[in-house]
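Undergrad: All I have is the shape, not the residue letters:
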């Protein structure tokens, strides 16, 4: 008696399960790469200090045409300046409708410090430093330069990925300080110069509701976002394939993934820091 093997009764379900399995494998591969990159940071600091310093200079000031506008510093500063001005425009217009436009300084201190500046900074970081990192590593992978480094005995993950993660985290600290300063300065300028509000009124409500702890926690979130963004972009650049078109796809996927991951970082970090109360003190003291 001959038995025949029947095909799958549910081909759609089988295909879907295969997709889920492949997705979990990709997540596992990313987690393994992230662990390897973080574990190799000490090697980057000990053996590849020169490359780390070069990456810090390149990410902060830019190279080529990007250096003409101040590199990443100029881009982050311009974006946060615009975002701070938009907060002022919307805040002053909305508050003036109910006769409390004097609280525009409160809106700037509360919204810019906690929400707008972190989100604007992570977009700038992903679109400039992150995308450039993915493109560089992807081009090296396509041209087999990474394989050549491994043949020469150079630890490719430590030399290429860990150095860039360290440089990105270090660069994000002064960049974020500039971003906060630009957002606050643009909000004050727009309120006092364009709308004509007295500087004393704006400064009073701004200093009353601005808590120094909010700025420190915001900087902590920026450092976390720097870790996430650089890890994601180094992975997609390190594993790029398919020629120049594949490098472009890797950059797009890296930007999309890093933005989603960074928003989740901000969400959960904000919940952990501020909780349900929001750490908000409504008082004039």
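TA: Cool, got the structure. Computed from a predicted model, the values in this text were never measured in an experiment.
Undergrad: The host helix or strand of residue 186 packs against which elements?
TA: Assessed by DSSP states H and E, residue 186 sits inside helix 163-189. Under the contact criterion of 3 or more C-beta pairs under 8 Å, 6 or more residues apart in numbering; DSSP states H and E, helix 163-189 touches helix 41-47, helix 49-61, helix 71-96, helix 117-125, helix 131-142, helix 199-209, helix 212-238. Placement of C-beta: from N, CA and C, glycine included.
Undergrad: Export these as TSV, with columns for mean pLDDT and mean neighbour count.
TA: Below are the helices and strands packed on helix 163-189 laid out as TSV (pLDDT from 0 to 100; neighbours: other C-beta atoms under 10 Å):
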stretch	mean pLDDT	mean neighbour count
helix 41-47	89	15
helix 49-61	84	17
helix 71-96	81	20
helix 117-125	84	24
helix 131-142	90	22
helix 199-209	86	16
helix 212-238	88	21
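Undergrad: so can I have TSV of those helices showing distance to residue 31?
TA: Shown next, in TSV, are those (distance: least, C-beta to C-beta, whole Å):
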stretch	distance to residue 31
helix 41-47	16
helix 49-61	24
helix 71-96	28
helix 117-125	21
helix 131-142	18
helix 199-209	41
helix 212-238	10
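Undergrad: Can you say which of these is nearest to residue 171?
TA: helix 49-61 (4.7 Å; C-beta to C-beta).
Undergrad: How far does that closest one sit from its chain's centre?
TA: 18 Å (C-alpha atoms, centre = their mean, to the nearest Å).
Undergrad: swap in stretch 104-114?
TA: Taking C-alpha atoms, centre = their mean, one finds stretch 104-114 lying 21 Å from the centre of the chain it belongs to.
Undergrad: average pLDDT across that stretch?
TA: Mean pLDDT, stretch 104-114: 83.
Undergrad: can you check stretch 257-273 too?
TA: 86.
Undergrad: when you give positions from now on, start the count at 684
TA: Let's use 684 as the start, then, which means that last one is stretch 940-956.
Undergrad: Name the residues of that stretch that come out as buried.
TA: By neighbour count with 16 or more other C-beta atoms under 10 Å, stretch 940-956 contains the buried residues 940-942, 944-946, 948-949, 952-953, 956.
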